[in-house]
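Q: Provided below for reference: sequence and predicted model.
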Amino acid sequence: MSFFVLVSGTLAADPQARIGSNGKPFATGSIRAGDGDDAVFVSWIAFGDHVKRLVDFGKGDALAIGGKAKLTQWVGKDGVERHGVSITVETIAAAKPESRARKPASNRKRAAAFLAPSPSQVPDDRVDDLWGPVP
């Protein structure tokens with residue numbers, strides 16, 4: 001059974017980038033959601049464009065991810081049965097902005113010219129007569 005979840009927290013360790021047997025990259029990691037004894041560690045795996053985005057983060061960075069999840073269980077080294085959640089990342093929301101390539105200069109100049117007010121739109125609001133003559 002799988003379901004969609006959104007988890008936010010901090011990265012428990014640096015994400016690990018790997019190459020699959022098919023030659024395509026993927027990344028894995030875990031997020032600590034919650035504090036103290038109520039903290040839950042959620043493991044995740046990402047493919048495609050999400051790999052490049054997630055490997056820019058490091059341990060302790062705030063991150064929210066969403067995707068299909070499933071409940072997992074395993075037996076720890078101490079012999080105790082443990083439970084967790086694993087997510088296949090489909091959505092990333094983060095405080096760290098995505099780095100974007102700058103647009104070519106010609107596009108920036110056209111945008112600046114479009115956004116700049118024309119001389120007819122700029123009012124002639126003189127303020128030097130509000131307080132009298134300036135010495």
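A: It's in.

Q: how much space between Thr91 and Leu6?
A: For Thr91, the distance to Leu6 (C-beta to C-beta, to the nearest Å) stands at 7 Å. Any C-beta I mention is one placed from the backbone N, CA and C, and that applies to glycine too.

Q: Can you pull the residues that touch both of these two?
A: 65-66 (C-beta atoms under 8 Å, 6 or more residues apart in numbering).

Q: Now Val85. Nearest residue, chain neighbours left out?
A: Computed as C-beta to C-beta, 6 or more residues apart in numbering, the closest residue to Val85 that is not its neighbour in sequence is Val42, at 4.8 Å.

Q: Likewise for Phe3?
A: Distances taken as C-beta to C-beta, 6+ apart place Ala69 nearest to Phe3, at 5.8 Å, with adjacent residues excluded.

Q: Residues touching the strand or helix carrying the one you found, excluding its own?
A: Using DSSP states H and E, Ala69 sits in strand 62-75. For strand 62-75, contacts defined as C-beta under 8 Å, 6+ apart pick out 1-11, 31, 42-44, 57, 81-96.

Q: Recalculate using a threshold of 6 Å.
A: Contacts of strand 62-75 with the rest of the structure, by C-beta atoms under 6 Å, 6 or more residues apart in numbering, involve 2-3, 5-8, 10-11, 44, 81-95.

Q: buried stuff in that strand?
A: 63, 65-67, 69 (16 or more other C-beta atoms under 10 Å).

Q: As a markdown table, those residues with pLDDT would be great.
A: Below are the buried residues of strand 62-75 laid out as a markdown table (pLDDT from 0 to 100):
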| residue | pLDDT |
| --- | --- |
| Leu63 | 92 |
| Ile65 | 95 |
| Gly66 | 95 |
| Gly67 | 96 |
| Ala69 | 95 |
